[in-house]
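>>> sequence and predicted structure below; questions after.
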There are 2 protein chains.
Amino acid sequence: MKQSTRHMIPPGTADIFGAKMRLREHALNVIEHTYKKFGFEPLSTPVLENAIVFDGHHGEGEKLLFNLNDKNGNPLVLRYDLTVPLARVMGMYPQLMRPFKRYQLALSFRDDEPDKGHFREFIQCDADAVGISDLTADAEVIMMAATGLEKIGFGSYVIRVNHRGILKGIAECIGGYNCDVLKFQRSLDFADKVLKQGIEGIKSDLAEKGFDQRSINLLLPILGLNGDPMHVLDGIFAMLMDHVSLNQGVSDLRKILSYLPKEIYNHVEIDFTLARGADYYTGFILEGVIPEIPVGAVLGGGRYDNLIAAAGGKSEPAVGMAFGLERIITAMEELSMMVNDENPTILLFGVNKQTAITRAYQMRRHDIMVDYNPNIMILSEAVEYARTRGYSAVVCCDGLEIAITTIKPTPESFYQKMSEAVRSFA
Amino acid sequence: MKQSTRHMIPPGTADIFGAKMRLREHALNVIEHTYKKFGFEPLSTPVLENAIVFDGHHGEGEKLLFNLNDKNGNPLVLRYDLTVPLARVMGMYPQLMRPFKRYQLALSFRDDEPDKGHFREFIQCDADAVGISDLTADAEVIMMAATGLEKIGFGSYVIRVNHRGILKGIAECIGGYNCDVLKFQRSLDFADKVLKQGIEGIKSDLAEKGFDQRSINLLLPILGLNGDPMHVLDGIFAMLMDHVSLNQGVSDLRKILSYLPKEIYNHVEIDFTLARGADYYTGFILEGVIPEIPVGAVLGGGRYDNLIAAAGGKSEPAVGMAFGLERIITAMEELSMMVNDENPTILLFGVNKQTAITRAYQMRRHDIMVDYNPNIMILSEAVEYARTRGYSAVVCCDGLEIAITTIKPTPESFYQKMSEAVRSFA
């Protein structure tokens, strides 16, 4: 029995304690509330799925599946994502009313390289609407993304938007109609390259992949378009108006953007280099970034109209997005964002245990969060303990009297609840 | 590729949709809020643990471990419970300040018999305080149990309480000092037998297990004690006062009960047949039951002062409890308990999409939960859709006007928020 392994967790997993959990809970609560606010309902699916459910869905990703057998020998996997289980649900319960709008905040598992900083279990935060082709649903995804980032507390954020039809149009334009659109998209989809080497990086990458210099030069003015999203769309339309796919993409995006309120439209940028990795997107795609924090996209999504069929369901239009919890937490930490604790915890102590435990209970009846510590008898020790745990105040109880020592700013509601509690002591 | 298996989930797992999720979320939110209210902090540990962490902890239970290997061949298990990971945490981070009070609401996994109705993945809801021997902590566990059941909405509930010292005293008394206390405890711990056959069942079981008739007859007056908890303790003390373990147990329980406020004390029953399965309890033990619903205990816990040492940490006193989520949900369903939706969802529709999506957004800015459906144009269809999804109201938008059709009772706050939203339309 090795003590060391008994006291270790597998690489790529984590134990998360109180203070860190507060940030996560804040972010998760906001994300959940945002999804609900847009009419999405919670769905829970099992971590354990029959192995065949994930068979043939993730290409190279399948190497990252955790495989196991139950004691009857049935092959199972730990779910790799929340999208394939959604597709399974749509196939398994065909009677579900459309649009089926579900969100799911839940763990996914990948047997990835922990030494590269990849988590092997992590929370995904997906929302998808299945069975709706109307572009108001795409606009609502953008609104939902913006609302979430704003409510989490990000002052400045950018929603980058593009459309697979536009990417196809551009690819056709620079490579002719036989252009390998997917290869072109993948060339664009090196977020690192885009961020670090800009257009030059894309140019050299396309050249490496066999696109000729003439075509690549055609790309430059397109990628140079920037500014007001509607003007950018006018610009590319003027340049490439004879490409059908592009026209469809431009007209979709115009429609989607027209549905946005001004305060959200102002956060949107059209970015023709945005391609997103997953091949299954068919229409508009989006990413969210926090400009001052180069952690990459903190959310992503788009329209995919064939995915459900790929899982054996009938072909249906769908649109969705996911917040990237870990990156959001990283960004919050780097910006030193504080979470306002609406319901702060206090430490309560007192020389007489009977009095102290009774007061603690009475305060809790008034919805005050009370950690009562019977081992603490003096104020300095109490303050030390409360500080270490990040509590807002220390309350010393003695008979009918209480003395409050504030450690952090506490909301007005706390004092209201406290004075109600004190009135109940008598 | 079998369609059938692609569209199935493993036995003993479940997909859970909107309406059912509402009950679960209500129960989970109350449990979490209750734990926080008593000063417990959230802890997250991984689902994947090194296999050795669970080695030697669960006896027969180890057959139920899900085993797997990562791609480097390291043996892993899916966590079987939340208690062993807590013991690992205490050993791995010895610097954690005591008392360490953590709660964890998270999935555990057991490769159990699904045909007997056992779940193979299920949420456990544990709270434990490690490093505290003061009996106020035991009293707070009882308060926490009672607060949780009350806030979930159970009008009548009973907290059954016992003490391992008393069980030991009784065992010694009826079997002499060489009595196998553990065997005696296990005989008592057939909840089914206790509930279905009462004292007769216990008598015949003890006889089967080799206890002599004289000893068993001694047991009858003890198990016959009932009524006010303090009187029951006085009664057993008068009968068996020369047994050291029993004296300790009685004195502990008296102390614990003395800390309880009257409204909780009134829900407590001393039950000398309560033994609880887990061998690791060393002091007081508790269970919660809803008398009108015979689903068994909806919560359980107690004091265990050796468990952490068993996992390679230093020996420390600890006390804790767990709400049984699935049984709580079953009880809520059987009692047809309704969850008051403080923030109900509405369906919004309108002939002009631009107006409708704008109104939906404006209402959401006022924290109204809005499902906008662009495919619905007429009221009857809207009401049908909203009813199916369990929404509270339908709102038809046309220009600056809105028309609300109420489907379920909606809280006053909804109308307040709605009138604020309407004022913002202009």
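Happy to help now that I have it. Numbers count the residues shown, from 1 in each chain, chains lettered A, B, ... in the order given.
>>> mind checking the end-to-end distance for stretch A:327-344?
Taking Cα to Cα, to the nearest Å, the first and last residues of stretch A:327-344 lie 26 Å apart.
>>> list the buried residues in it.
A:327-332, A:337, A:339, A:341, A:344 (16 or more other Cβ atoms under 10 Å in any protein chain shown). Quick note: C-beta positions are derived from backbone N, CA and C, even for glycine.
>>> what separates A:His163 from chain B, distance-wise?
Per Cβ to the nearest Cβ, to the nearest Å, A:His163 is found 19 Å from chain B.
>>> correction: A:Val250
Taken as Cβ to the nearest Cβ, the span from A:Val250 to chain B is 19 Å.
>>> I'd guessed that residue sits against A:Ile166; true?
Yes. Counting by Cβ atoms under 8 Å, A:Val250 does reach A:Ile166; the two are 6.5 Å apart.
>>> okay, and the common contacts of the two?
Common contacts of A:Val250 and A:Ile166, defined by Cβ atoms under 8 Å, 6 or more residues apart in numbering or on different chains, comprise A:Ile236.
>>> those two - which one has more neighbours?
Between A:Val250 and A:Ile166, A:Ile166 has the larger neighbour count (other Cβ atoms under 10 Å in any protein chain shown), namely 28 against 23.
>>> contact partners for that one?
A:236, A:245-246, A:249-250, A:253, A:272.
>>> same question, A:Asn352
Residues in contact with A:Asn352 (Cβ under 8 Å, 6+ apart) are A:398-399.
>>> what of the one 5 residues further on?
Applying Cβ under 8 Å, 6+ apart to A:Ile357 gives the contacts A:372, A:374, B:136, B:139-140, B:259.
>>> number of residues surrounding A:Ser413?
13.
>>> my guess is it contacts A:Glu342, does it?
Yes. Applying Cβ under 8 Å as the test, A:Ser413 and A:Glu342 come out as touching, 7.2 Å apart.
>>> can you point out the buried residues in whatever helix or strand A:Tyr385 lives in?
Element membership of A:Tyr385 [criterion: DSSP states H and E] is helix A:379-389. For helix A:379-389, the neighbour count (16+ other Cβ under 10 Å) marks A:382-383, A:385-386, A:389 as buried.
>>> in a markdown table, list these along with distance to chain B.
Shown next, in a markdown table, are the buried residues of helix A:379-389 (distance: Cβ to the nearest Cβ, whole Å):
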| residue | distance to chain B |
| --- | --- |
| A:Ala382 | 13 |
| A:Val383 | 14 |
| A:Tyr385 | 7 |
| A:Ala386 | 11 |
| A:Arg389 | 7 |
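>>> any chance of these in CSV, plus pLDDT and distance to A:Met90?
Formatted as CSV, these follow (pLDDT from 0 to 100; distance: Cβ to Cβ, whole Å):
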residue, pLDDT, distance to A:Met90
A:Ala382, 97, 55
A:Val383, 97, 56
A:Tyr385, 95, 52
A:Ala386, 96, 50
A:Arg389, 92, 45
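>>> can you lay out these as TSV showing distance to A:Lys71?
Listed next are the buried residues of helix A:379-389 as TSV, based on distance: Cβ to Cβ, whole Å:
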residue	distance to A:Lys71
A:Ala382	52
A:Val383	54
A:Tyr385	47
A:Ala386	49
A:Arg389	43
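>>> highest neighbour count among the contacts of A:Ile357?
Within the contacts of A:Ile357, neighbour counts (other Cβ under 10 Å) peak at B:Glu140, which reaches 32 neighbours.
>>> do you know how far the residue nearest to it when sequence neighbours are not counted is from A:Ala360?
With Cβ to Cβ, 6 or more residues apart in numbering or on different chains as the criterion, B:Glu140 has its nearest non-adjacent residue at 5.8 Å, and that residue is B:Phe38. Between B:Phe38 and A:Ala360 the computed distance is 8 Å (Cβ to Cβ, to the nearest Å).
>>> so in terms of bridging, what pairs with A:Val161?
A:Ile270, A:Leu286 (DSSP bridges).
>>> isn't it right next to A:Pro229, touching?
Yes. Between A:Val161 and A:Pro229 there is a contact at 7.2 Å, judged by Cβ under 8 Å.
>>> find residues that contact each of the two.
A:253, A:257, A:268-270.
>>> so A:Lys255, which of the three states?
Three-state assignment for A:Lys255 (DSSP: H, G, I helix; E, B strand; the rest coil): helix.
>>> what bits of the stretch 201-350 of chain A have low per-residue confidence?
Flagging of the stretch 201-350 of chain A using pLDDT under 70 yields the residue ranges A:277-278, A:310-313.
>>> can you pull out the helices in it?
A:213-224, A:229-240, A:244-258, A:262-265, A:307-310, A:325-334 (DSSP state H, counting those that start in this stretch).
>>> for those, give me a markdown table that also has distance to B:Ile290.
Formatted as a markdown table, these follow (distance: least, Cβ to Cβ, whole Å):
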| stretch | distance to B:Ile290 |
| --- | --- |
| helix A:213-224 | 65 |
| helix A:229-240 | 57 |
| helix A:244-258 | 51 |
| helix A:262-265 | 48 |
| helix A:307-310 | 42 |
| helix A:325-334 | 36 |
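>>> coming back round to it: ok, the residue nearest to B:Glu140 - contacts?
Here B:Phe38 is in contact with A:364, A:370-371, B:101, B:127, B:140, B:143-144, B:147 (Cβ under 8 Å, 6+ apart).
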